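J.: Predicted coordinates and the sequence they were generated for:
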Amino acid sequence: MERALQESGKRFILHGRGFAKQARFGYGDFVLLSSPGQFSWVETEGDERRPPMLEDARRAIKIGDALENISWVGPWLSPEVPAPVRDVYLTAELVKGTTKPTWTWVGDGKSADYVLEIYSTVAGGWEEMRRKPMTHLFVEPISPMGFSSIGLDILVKFAQKGLPVMSGPMVMASATGPATLAGLWRWRMLKSWPAW
């Protein structure tokens with residue numbers, strides 16, 4: 001395990017549609033992301049939460065595309081699209097709605113095939129996608145050094161295509177990290193985002 005970690009790449013560049021816009025990781029750049037998906041939406045008028053809709057995701061993608069300090073666009077929310085195909089829908093909306101690099105959560109290995117096919121088609125084929133990746137995979141353990149079989153299935157698919165993979169520690173307060181929320185957040189950010 002330690003040898004594999006030593007040999008793994010420590011930096012990579014994500015490219016947007018058309019390859020003009022980039023997000024560089026591990027180069028010391030300050031990289032900001034519009035979140036990949038929240039499960040509630042609060043309107044600017046009022047304080048009522050509601051389930052987000054696909055149109056909300058489309059608007060959020062446009063906002064992420066327009067904000068010059070956002071270098072990497074996520075759909076901000078998880079709209080009311082059936083869960084087994086939500087990631088495929090959002091990937092399609094992302095590559096249509098922005099020329100920046102994109103990312104959304106991938107649900108399982110089956111939908112990962114479709115997500116990767118969308119990116120490959122937009123990139124101009126698998127070789128071009130490998131040379132100039134448009135997305136990456138972010139995996140999270142469910143306990144220290146433990147991953148779900150679904151997460152590992154997705155990880156293998158991305159790795160076989162030669163795409164970047166990042167892992168967050170997802171620490172447990174008082175077990176694998178500090179007990180306070182402030183300490184836990186700081187520890188998590190230092191451990192999971194060395195490129196930032």
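T.: Happy to help now that I have it.
J.: quick one, what contacts Ala112?
T.: 87, 106, 153-154, 157-158 (CB atoms under 8 Å, 6 or more residues apart in numbering). Backbone N, C-alpha and C define where each C-beta goes, glycine included.
J.: In the chain, where is pLDDT below threshold?
T.: Low-confidence segments of the chain, defined by pLDDT under 70: 144-145, 184-196.
J.: what about Lys157, how many residues close to it?
T.: When neighbours are defined as other CB atoms under 10 Å, Lys157 has 19 of them.
J.: Would you mind confirming that it makes contact with Val115?
T.: No - the pair Lys157 / Val115 is not scored as a contact, 9.1 Å apart, by CB atoms under 8 Å.
J.: In helices only, show me the contacts of Ala112.
T.: 87, 153-154, 157-158 (DSSP state H).
J.: Quick check: ChimeraX command selecting the buried ones in these.
T.: Selection of the buried residues among these in ChimeraX, burial being defined by 16 or more other CB atoms under 10 Å:
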select :87,154,157,158
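J.: In this protein, which residue sits furthest out from the middle?
T.: In the chain, the residue that sits farthest from the middle, by CA atoms, centre = their mean, is Gly46; the gap is 29.8 Å.
J.: for it, what are its contacts?
T.: With CB under 8 Å, 6+ apart, Gly46 has no contacts at all.
J.: Quick one: the strands in this protein, in order.
T.: Secondary structure of the chain by DSSP state E: the strands cover 12-15, 22-25, 33-34, 41-42, 49-50, 72-73, 137-139, 165-167.
J.: how about those in TSV, adding distance to Ala83 and mean neighbour count?
T.: Formatted as TSV, the strands of the chain follow (distance: least, CB to CB, whole Å; neighbours: other CB atoms under 10 Å):
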stretch	distance to Ala83	mean neighbour count
strand 12-15	25	19
strand 22-25	27	20
strand 33-34	21	20
strand 41-42	17	15
strand 49-50	18	12
strand 72-73	22	27
strand 137-139	18	18
strand 165-167	23	15
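J.: quick one, which of those strands is nearest to Gly177?
T.: Checking the strands of the chain against Gly177 by CB to CB gives strand 165-167 as the closest, at 15.0 Å.
J.: For Leu14, see how far away the residue sitting nearest the centre point of the chain is.
T.: In the chain, the centroid-proximal residue (CA atoms, centre = their mean) is Trp103; its distance is 3.9 Å. Going from Trp103 to Leu14 by CB to CB, to the nearest Å gives 8 Å.
J.: Now for those two: what residues contact both?
T.: 72, 135-136.
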